[in-house]
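Engineer: build me a structure from this.
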Amino acid sequence: MPFAPYGGVCADDEIVKKRLIEEAISIVRERGMSYIELRNQEEKSNSDFRTDYTYVTFIIPLDSDPDILWRKTAKGARRAVKKALRENVRISMGHEYLDDFYTIYAERNKEFGTPVHSYLFFKHILSIFQDQVNIQVAEKDGKIIGAKFLLFFKDRIISGWAASDGRYRTISPNSLLTWEILRYGCEKGYAFFDFGRSEKDSGTFRFKRAWGGAIIKQLYYQFYIHKTRNLPVLKRNSLKRRIFSNFWRKLPLPMTKVIGPHIRKNLP
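Structural biologist: Sure, this is the predicted structure:
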């Protein structure tokens, strides 16, 4: 699955899994590719693969009673939610917020020094998976200051992409967005909220860990290396990522929207 934080081999039989991996390795060799990557939720023992442990994901078990989840949430996160409410931040949800989401998403990724997906990428997801996708936004005084692009699959809600306006960080719109989607999931009968992947000990890691008794789950990115010696650079604090990010932050926002998708499709 392109751009998915995890997936792995799609099979329910160990022999079939083994054959699929063998065929994938053959294709890498025949076509002269550098590597193949499997984003597994469980580490597969295979001497042909090397494992990277950079990322984890956070799974929050939901409850029919949101108050139970609220009590499991760290005090600091609860204070942030209450602050956003005092500042009259309002939460809404709907497909009509695509433009607002993309504007904040592009601006925030420029600040992070990260190329964006194209606007059409998100538009097509909304079009094809109409009943399994929605956009949640935080609004203050008529201005959208935060947004989450959400995926709904079986018994879980997945936080696909999220961004907030850095100028409003002190009133915690992302905290209120998070609590409201957790409460929504409880009331609608979902079993889990998948908070998405984060690097260990990063800012997003610490933010996500505070909510509703979140379960931290290790992700195993396993690589078959063919025409390269090193694993692809995954960590944000790597030298190459830092150099690129510093350059990207200096570009005009409209340019990042045009160039970004062509670069983003090649990033791990």
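
Engineer: show me the helices in the stretch 101-250 of the chain, by range?
Structural biologist: Applying DSSP state H, counting those that start in this stretch to the stretch 101-250 of the chain gives helices spanning 119-128, 173-187, 203-209, 239-249.

Engineer: turn those helices into a markdown table, columns for mean neighbour count.
Structural biologist: Placement of C-beta: from N, CA and C, glycine included. Below are the helices of the stretch 101-250 of the chain laid out as a markdown table (neighbours: other CB atoms under 10 Å):
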| stretch | mean neighbour count |
| --- | --- |
| helix 119-128 | 14 |
| helix 173-187 | 22 |
| helix 203-209 | 15 |
| helix 239-249 | 13 |
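
Engineer: CSV please, covering those and showing mean pLDDT and distance to Ala24.
Structural biologist: Formatted as CSV, the helices of the stretch 101-250 of the chain follow (pLDDT from 0 to 100; distance: least, CB to CB, whole Å):
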stretch, mean pLDDT, distance to Ala24
helix 119-128, 96, 25
helix 173-187, 97, 35
helix 203-209, 94, 31
helix 239-249, 87, 26
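
Engineer: export those as JSON lines, with columns for distance to Asn230.
Structural biologist: JSON lines is the format used below for these (distance: least, CB to CB, whole Å):
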{"stretch": "helix 119-128", "distance to Asn230": "29"}
{"stretch": "helix 173-187", "distance to Asn230": "34"}
{"stretch": "helix 203-209", "distance to Asn230": "24"}
{"stretch": "helix 239-249", "distance to Asn230": "11"}
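
Engineer: of all those helices, which lies closest to Lys75?
Structural biologist: Of all the helices of the stretch 101-250 of the chain, helix 173-187 sits nearest to Lys75, with 12.2 Å by CB to CB.

Engineer: could you list every helix and strand that the closest one packs against?
Structural biologist: Judged by 3 or more CB pairs under 8 Å, 6 or more residues apart in numbering; DSSP states H and E, the packing partners of helix 173-187 are helix 66-72, helix 75-86, strand 90-93, strand 133-140, strand 143-153, strand 156-164, strand 192-199.

Engineer: of all these, which lies closest to Ile225?
Structural biologist: Closest approach to Ile225 among those is made by strand 192-199 (21.5 Å; CB to CB).

Engineer: one step back: closest to Cys10 out of the helices of the stretch 101-250 of the chain?
Structural biologist: When the helices of the stretch 101-250 of the chain are compared by CB to CB, helix 119-128 sits nearest Cys10, at 19.0 Å.

Engineer: just the CA atoms of the closest one, as CSV, please.
Structural biologist: Output of helix 119-128 as CSV, limited to C-alpha atoms (Å, rounded to 0.1, in the frame of the first residue of the first chain):
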residue,chain,number,x,y,z
TYR,A,119,-4.1,18.1,-3.5
LEU,A,120,-5.5,15.5,-5.9
PHE,A,121,-4.1,12.7,-3.8
PHE,A,122,-6.5,13.6,-1.0
LYS,A,123,-9.3,14.6,-3.3
HIS,A,124,-9.2,11.1,-5.0
ILE,A,125,-9.2,9.4,-1.6
LEU,A,126,-12.3,11.4,-0.6
SER,A,127,-14.0,10.5,-4.0
ILE,A,128,-13.2,6.8,-4.0
